[in-house]
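Chemist: Provided below are the primary sequence and the corresponding predicted coordinates.
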Amino acid sequence: MSITSRYLPPGESSRRSGLVLLCVVLVGYFGLSYDNFFTVSNGLTILLNVSAIAIAAIGAMFLLVSGNVDLSIGGQYALISVITAQFARESGNAAVAVTAGLLTGLVLGTVNGILVKYMKISPLIVTLGTMAIFKGMAYLVSEGRSVFGFPAEFIFLGRARINEVPLPVIVAAVLFVIGGFVLLRTRIGLRMFAIGGNANAARLNGVDVDWLVVRLYALNGLLMGVVAVLTTARLGSGTPQIGTAFELDVLTAVILGGVGFAGGSGHPVGVFAGVATIGILSSGLIFAGLEDWWQQISKGAVLLLALAADQFAEYRRSRAARREVPPDADDQRSAGAPTAPVDEYDLGIVRTRPPGEVVLACRGLARRFGSVFALRDGTFSVRAGEVVCLLGDNGAGKSTLIKLVSGVYRPDAGTIEINGSVAQLAGPADARRAGIETVHQDLAVCPNLGVAHNLVLGDEPSRRLLGILPVRDDAAAVERARTRLASLGITLPDMNRSIGRLSGGQRQSVAIARAMKDDVRLVILDEPTAALGVTQTRNVLRIARRAAENGAGVILISHDIRTVFAVADRIVVLRLGAVVFDGPVDTITHTRLLHLMAGLEATGAPAGPDLGAPAGPDLGAPADPDAAAGPADPDAPAGDRLDLMEGKSR
Ligand SMILES: Nc1ncnc2c1ncn2[C@@H]1O[C@H](COP(=O)(O)OP(=O)(O)OP(=O)(O)O)[C@@H](O)[C@H]1O
């Protein structure tokens, strides 16, 4: 698939053209078989019949793109229809009836959204349940009967024509164009794709996923309100039987149109082609004189075919993505080698510049989970322009310490100072506001979005189209991404290439670049080289160094001591929840570091040759006499106390 400078959501352009071809074949076949098929009036009838599907398809498209679904739209259709009809009859006022219909849709959609997001129940199950409830309520409200007796102006709404074109068709066309515009050109549209691609990544990038999804369900309900009001007005009655198998038509059209059921992909043009196909097929089947059940069977079969095509496209996409990942000869060479020589990671760093002021100072941080003390004494500091490597065996407490610093957990004891002031981090957003950015091990990127969009997600640049409409500014996003990447010495040929099609090292580079916001003070890199080969590792380490040179403090967590010696200014070792070493990289040897991590010094194993001094009898207790005296005076200035500890095992 060619990737243009314009953002192209990962909908399948080829499948859309296939669908258009299918439409042409169907029209040709039915046109040749039935005399009246090719008439303007039949064309308008088809459009009128699919206008309801087209309006509902907008909401379904938004939900599916963001990884959600609503099976209850048929039930909503019936319930809104009878409520609208009763208001129309009782009030005799079209405006009251329309308002009642739209509000009912909004409420039903919001109920679905709240159940899905805040009760953490699968959208399929929730909306299957509400489908039955709404349908049942429609019978309850109407006592199983159709509701007639509307004011003339209400009926006019459904039957009015402008230049022979029915009003519902015009409403559907306008809403569809607005829906497509929102999906492709606005910040919210990008966020829908992001949530469908990786909801957790979107959340970590500051997108309020739950709130957005609730709004999408509410909008879906509102659109069903429009559908039900127009149809009820056109038919001149509200009935609980309406909307039967409506969800089948809508989902078939949307999935047939290339919106992936797994979320994160789709295009309005494809959905339009899907809606047209369903309309032509339904009309053709009526012309063929097939009974209603044959129509249901045909549409069900088309839905299954669409899902199969969706799976096939997904398979082709992932194969293409694998093929497109840039080969790395060096990594292939090193793949079979269990350990690369230390020199392989040599970055040729000359550490001349003294680090800047302390950006982070942790004092006596402690956190327990039930009876497990995950962290007992997290005390260390990071200065601007410094790379501090945090090491420790599995379960040493590294992740817990980092989660405290990045606001994921709150400490049971101890303090976190940022730029000299004690910070109360109530959540990751607080940490981010304080200038702390974390690059998580799973990178938290959206594989379906391009490099530039991943970099700006949560803070997308925007501009005013025609001086009024707020739209996403993709050119500014590309420019910002390019500048940010260049500041770290990263060159990527295409800013719109989806992240899923980059190599592991390139993905890691983009994730680090995303963290390097203009006001960042501290970047935490959680095992950034864990899954990388030699060349990619070296590149990522270079980028980490460059981030420090640009003025940020960097904490890098690693299990691989070769990378640590290549990149670190200072090393902090955690063991059993406490810091047991904190010192410049040139004050410790590989052997001693390994022993400290493994706790071998506690069992009398020889310490590294550099320090010579016997290790303390218990790694849980400080080995250094100063430190052994217990926690330092809490009133002592952060810098003094932390510097005192430098270069000493505790
Ligand atoms: N949410 C939790 N609930 C219960 N125990 C936890 C939780 N998080 C961490 N722990 C425990 O706290 C200890 C420290 O875990 P932590 O994940 O911080 O270690 P780590 O050094 O990051 O290990 P690894 O390198 O394996 O990721 C472990 O014993 C772990 O089982």
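Modeler: Noted; the coordinates are in hand.

Chemist: could you list the low-pLDDT ranges of the stretch 351-500 of the chain?
Modeler: The stretch 351-500 of the chain contains residues with pLDDT under 70 at 351-354, 443.

Chemist: alongside the ligand, which residues does it contribute?
Modeler: Residues of the stretch 351-500 of the chain lying close to the ligand by C-beta under 6 Å from any ligand atom are Phe369, Val372, Ala374, Gly392, Asn394, Gly395, Ala396, Gly397, Lys398, Ser399, Thr400. For every residue, glycine as well, the C-beta is placed using N, CA and C.

Chemist: so in terms of bridging, what pairs with the second one?
Modeler: It stands for Val372. For Val372, the beta-bridge partners are Phe369 (DSSP bridges).

Chemist: turn the residues of the stretch 351-500 of the chain next to the ligand into CSV, columns for neighbour count and secondary structure.
Modeler: What follows is those, written out as CSV (neighbours: other C-beta atoms under 10 Å; DSSP: H, G, I helix; E, B strand; the rest coil):
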residue, neighbour count, secondary structure
Phe369, 11, strand
Val372, 10, strand
Ala374, 23, strand
Gly392, 24, strand
Asn394, 7, coil
Gly395, 14, coil
Ala396, 23, coil
Gly397, 26, coil
Lys398, 26, helix
Ser399, 19, helix
Thr400, 25, helix
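
Chemist: specify which member of the residues you listed is nearest to Gly553.
Modeler: Nearest to Gly553, judged by C-beta to C-beta, of these is Lys398 at 16.7 Å.

Chemist: surely that closest one meets His559?
Modeler: No - contact criterion C-beta atoms under 8 Å: Lys398 and His559 do not qualify, at 9.3 Å.

Chemist: shared neighbours, these two?
Modeler: Leu391 (C-beta atoms under 8 Å, 6 or more residues apart in numbering).

Chemist: so what's the residue count around the one residue in the stretch 51-200 of the chain that gets nearest to the ligand?
Modeler: Residue nearest to the ligand within the stretch 51-200 of the chain (C-beta to the nearest ligand atom): Asn200, separated by 16.5 Å. As a burial measure, Asn200 scores 13 neighbours (other C-beta atoms under 10 Å).

Chemist: right, and it touches Cys446 too?
Modeler: No - with contact defined as C-beta under 8 Å, Asn200 does not count as touching Cys446 (9.7 Å).

Chemist: any regions of the stretch 101-250 of the chain where pLDDT drops low?
Modeler: Judged by pLDDT under 70, no stretch of the stretch 101-250 of the chain qualifies at all.

Chemist: in it, which spans are strands?
Modeler: Assigned by DSSP state E, counting those that start in this stretch, the stretch 101-250 of the chain shows strands spanning 161-162, 165-166.

Chemist: for Arg376, what are its contacts?
Modeler: Counted by C-beta under 8 Å, 6+ apart, Arg376 has contacts Ala366, Gly397, Leu576, Gly577, Ala578, Gly620.

Chemist: contacts only, for the residue lying closest to the fifth one once chain neighbours are set aside.
Modeler: Okay, so that is Ala578. With C-beta to C-beta, 6 or more residues apart in numbering as the criterion, Ala578 has its nearest non-adjacent residue at 4.2 Å, and that residue is Asp377. Going by C-beta under 8 Å, 6+ apart, Asp377 touches Gly364, Leu365, Ala366, Gly414, Gly577, Ala578, Val579, Pro631.
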